[in-house]
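Trainee: next one to model:
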Amino acid sequence: MKKFFEDIKKDIKFKSAGPGKKLTEDASSKTPVGQTSSQAKPRHAPSESAQRAGAAALARVEQHPRPHVHTSQDAIRNQVRKELEAEAAATAAGHKSMDAEVPVKDPSCFSVSGVYFICPLTGKTLTKSEREVHIKEAILLRFSENPVEASVMMIHTFNKDREKVKAAVDIISKYVDNICKNPTEEKYRKIKVSNKVFQEKVSGIEGSREFLQALGFESAMLPVDGQEGTEEFLVLAEQEAAALEQMKERKEQLQNGEPVRAKLDRQPQVYRPSQNATRFELPPDFYNLTAEELKREQQMKSDIVERNSMLRTKAMREKDEQRERRKYNYALLRVRLPDGNILQGTFLAWERVAALYQFVRDLLENGWQPFELLAPGGQKLKEDEDMALNECNLAPAALLTFSWDAAVQADIAAAGGQSSSVLKPELLENIKTLS
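Mentor: Purely as a prediction, here's the structure:
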């Protein structure tokens, strides 16, 4: 009887095997001799009593509690199918557990816990995954205070296609211009919602209808000449001169709007002098690669020496450098100060060198004094040079050296001035030790 159930399992597995199986294969040649008589005539469905006996026997053999007795062959097939599905699920779980064996670093070993952003509307610190949802919520909450400002933010932030946003802004601006030039003309104060231009250019832009409502437009069902029934219009009541001037200002506000973007939190941190200053352990957020791609990158590092030993053209080297830059979204930079302390901050990989200079200057006790920053290898970084950090080979991480302008320092010393703390005292209150 157990074999009867195994035959049913095999039958279902064969039917669900999918393409690639030979359906024309002669099964009779593979059938044991003892079953030739059963192949000569079609198999009859087992009787009800046989089914009961089979279920009980299978339960005894497999040492399971006695199952509920099924009264049809379809019910037995369903039970077997469930067993097959359970086997498939167990196999899938096994593969998943093997994938999970990929080692994951302890977050405490990272040089920085992650990449964080600050919402310009609320001041809240956010992770990369939180920033978009949080900003949208903050904009929507602003409607109760200033619907015009909120709708302008919504148009420029919620819609990613800048060309479509510009087209919608141009159309809305045209509506406002026509109203201001013809304040008594009713036709300019009515927008047919089904109008082709409105549907193609304006309606699909999130926030556009909210902006029109903030200007005073209201939805109304109006009759259309030559048509039966009514259609939806956005209608604006006739405006006074002062209201028209305000509409012009709001139009300019719309035209000058910018997307609301979370600002990168530089996470400034000061460390005591350490020989581990050049040691960096970066979290996955810093890379523009998936976990699998990162794993491949580690395996490819062994080929670097061999590749560098090859004779390569300038074009080949530049191509490799460009590919290398695209791997990183952020740069973790450390600056060794004259007193030995180390200042650390997080930057976008494509930010300019001037941003690094400004970051350091803002944290100096005497920010008016000129200084220089030297990249690894002694290369001087020029503040006024329009180069990105990754173009200076500072991504994903680097240790730079800070030095005061020698001439200015000589003048200060000649005047009897005393050297003070390099960084602001409040920054030193949270000084840490590099591990």
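Trainee: flag the shaky bits of the stretch 101-250 of the chain, pLDDT-wise.
Mentor: 101-106 (pLDDT under 70).
Trainee: the strands in it, which residues?
Mentor: Remark: strands assigned in the stretch 101-250 of the chain by DSSP state E, counting those that start in this stretch are 116-118, 125-127, 190-192, 218-223, 230-235.
Trainee: wait, which of the ones you listed is closest to Ser151?
Mentor: Nearest of the strands of the stretch 101-250 of the chain to Ser151, taken as CB to CB: strand 230-235 at 13.7 Å. C-beta here means a position set from N, CA and C on the backbone, and glycine is covered the same way.
Trainee: which residues touch that closest one?
Mentor: With CB atoms under 8 Å, 6 or more residues apart in numbering as the test, strand 230-235 has contacts from 189-194, 209, 212-213, 217-224.
Trainee: just the strands of the stretch 101-250 of the chain: most buried one?
Mentor: Among the strands of the stretch 101-250 of the chain, strand 116-118 has the highest mean neighbour count (mean count of other CB atoms under 10 Å), at a mean of 18.
Trainee: sorry, back to before: quick one: which of the strands of the stretch 101-250 of the chain is nearest Gly377?
Mentor: Nearest of the strands of the stretch 101-250 of the chain to Gly377, taken as CB to CB: strand 116-118 at 30.3 Å.
Trainee: what's in contact with that closest one?
Mentor: Here strand 116-118 has contacts from 124-128, 131, 262-265, 267, using CB under 8 Å, 6+ apart.
Trainee: and it, which strands flank it?
Mentor: Here strand 116-118 is paired, per DSSP bridges, with strand 125-127 (antiparallel), strand 263-264 (antiparallel).
Trainee: I'd like those laid out as TSV, including distance to Gly367.
Mentor: Formatted as TSV, the strands paired with strand 116-118 follow (distance: least, CB to CB, whole Å):
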stretch	distance to Gly367
strand 125-127	25
strand 263-264	20
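Trainee: looking at the ones you listed, which is nearest to Tyr175?
Mentor: strand 263-264 (33.6 Å).
Trainee: and Glu426, how many residues sit next to it?
Mentor: 8 (other CB atoms under 10 Å).
Trainee: do the one 3 residues further on as well
Mentor: Glu429 has 8 neighbours, counted by other CB under 10 Å.
Trainee: and what of Lys128?
Mentor: 13.
Trainee: before we move on, what about Arg189?
Mentor: Residue neighbour count, defined by other CB under 10 Å, stands at 21 for Arg189.
Trainee: and what of Pro147?
Mentor: That count, for Pro147 with other CB under 10 Å as the rule, works out to 16.
Trainee: contacting residues for the nearest residue to it once chain neighbours are set aside?
Mentor: Using CB to CB, 6 or more residues apart in numbering and skipping the chain neighbours, the partner closest in space to Pro147 is Ala214 (4.1 Å). Ala214 makes contacts with 147-148, 150-151, 250, as judged by CB under 8 Å, 6+ apart.
Trainee: most widely separated two among these?
Mentor: Farthest pair in the contacts of Ala214, by CB to CB: Ala150 and Arg250, 12.2 Å.
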